[in-house]
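Peer 1: Please find the sequence and the predicted model below.
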Amino acid sequence: MKAYLARLKTRAYRITETGKRGDTLSVAFDVLIISLILLNVVAITLETVEGLYQRHEVVFAAFEVFSVVIFSVEYLLRLWCCTENPKYRHPFTGRLRFFFTPLALIDLLAILPAYLTLFGVDLLYLRVLRMLRILRVAKLARYSPALRSFLWVMARKKEELAVSMALMFFLLIIASAAMYYVEHDSQPAVFSSIPAAMWWGVATLSTVGYGDVYPVTELGKVLASFIAVLGIGLFGLPAGIIGSGFVEEIGKRRTSKAGICPHCGRGE
């Protein structure tokens, strides 16, 4: 019995991992999950069409239950057979480490809203929980090399991205405070406080410029010009960091495919 369960776990691991050519069941499993994810995105989108949802509410509800059951079984299978991976070999600590991996957390978030609604969640939060179902599209990262590369780049560049985000936040505070003190007397209703001025700061630093809030004093216009120009460069920092990360990732993949060591540059 123990040997049978071991073989079953190994087979379940191969099925739930990305399918390889020749393994029909594994490929079929991938097609099922990918199709179900895409159909969920379509269903969540169509649910917002009020008339359509009211006419087919039973169909939408049945499809949601079916999806949650399939995604739950998939999640439990992955949690059960993850110990087949050498990185998660230990029955307890291995599963605990797997539980906190990004893809496993995405799998959990894809089904969690459905279960939370069963415990009498306040209607105030129900819409937020329903909106979280759109995270199911993130499950495609398991089957898409491009999306996985994006996640790897974000993980590797997290320190640089955190620094750039902190700089953006500090600039936003400084710009909003400066504009508040310059414009408050002329526009007390618009620039009523620094938090209120932060809306103008976000719109200006991101170069969106909605035009609903703008300076009217000469000093305010000069200050806004400098802030707008500075925002172009500062908001470009995260894009540059992510772009350089993709270049590094593509370079590593090319060298590995060519059999070249990424560290010393010599052939293996």
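Peer 2: Now that the structure is in, tell me what you want to look at. Residues are numbered from 1 along each chain as shown.

Peer 1: Buried ones in stretch 162-171, by neighbour count?
Peer 2: 164, 168, 171 (16 or more other CB atoms under 10 Å). Yep, even glycine has a C-beta here, placed from its N, CA and C like the rest.

Peer 1: Does the last one touch L234 like I think?
Peer 2: Spelled out, it's L171. Yes: counting by CB atoms under 8 Å, L171 touches L234, with 6.0 Å between them.

Peer 1: who touches both of those two?
Peer 2: L205 (CB atoms under 8 Å, 6 or more residues apart in numbering).

Peer 1: could the buried residues of stretch 162-171 be laid out in JSON lines, adding secondary structure?
Peer 2: Shown next, in JSON lines, are the buried residues of stretch 162-171 (DSSP: H, G, I helix; E, B strand; the rest coil):
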{"residue": "S164", "secondary structure": "helix"}
{"residue": "M168", "secondary structure": "helix"}
{"residue": "L171", "secondary structure": "helix"}
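
Peer 1: W152: which of the residues you listed is nearest?
Peer 2: S164 (18.4 Å; CB to CB).

Peer 1: Pretty sure the closest one sits against A239.
Peer 2: No: look at S164 against A239 with CB under 8 Å: they stay out of range, at 9.6 Å.

Peer 1: Confirm that F246 sits in a helix.
Peer 2: Yes: checked against three-state DSSP, F246 lies within a helix.

Peer 1: Quick check, pLDDT for it.
Peer 2: As predicted, F246 sits at a pLDDT of 82.

Peer 1: Could you verify my assumption that it touches L151?
Peer 2: No: counting by CB under 8 Å, F246 does not reach L151; the two are 11.9 Å apart.

Peer 1: Flag the shaky bits of this protein, pLDDT-wise.
Peer 2: 19, 120-132, 207-209, 256-268 (pLDDT under 70).

Peer 1: can you pull out the strands in it?
Peer 2: Ranges of strands in the chain, per DSSP state E: none exist.

Peer 1: Domain-wise, how is it divided?
Peer 2: If you go by automatic domain parsing, the domain ranges for the chain are 2-143, 158-257.

Peer 1: tell me how far the ends of the longest one are from each other?
Peer 2: Start-to-end span of domain 2-143 (CA to CA, to the nearest Å) is 31 Å.

Peer 1: gap between that domain and the chain center?
Peer 2: Domain 2-143 has its C-alpha centroid displaced from the chain centroid by 15 Å (CA atoms, centre = their mean, to the nearest Å).

Peer 1: these two touch, right, L108 and Y75?
Peer 2: Yes: L108 is in contact with Y75 according to CB under 8 Å; the separation is 6.5 Å.

Peer 1: number of nearby residues for A197?
Peer 2: As a burial measure, A197 scores 26 neighbours (other CB atoms under 10 Å).

Peer 1: contacting residues for the most centrally placed residue in the chain?
Peer 2: Central residue of the chain (CA atoms, centre = their mean): A138, 6.5 Å from the mean position. Listed by CB under 8 Å, 6+ apart, the contact set of A138 reads 106, 109-110, 147.

Peer 1: what's the most distant pair in the residues you listed?
Peer 2: Longest distance between any two of the contacts of A138 is 15.5 Å, between L109 and L147; criterion CB to CB.

Peer 1: what's the neighbour count on the nearest residue to I227 once chain neighbours are set aside?
Peer 2: Once flanking residues are discounted, I227 sits nearest to A175: 4.7 Å by CB to CB, 6 or more residues apart in numbering. When neighbours are defined as other CB under 10 Å, A175 has 24 of them.
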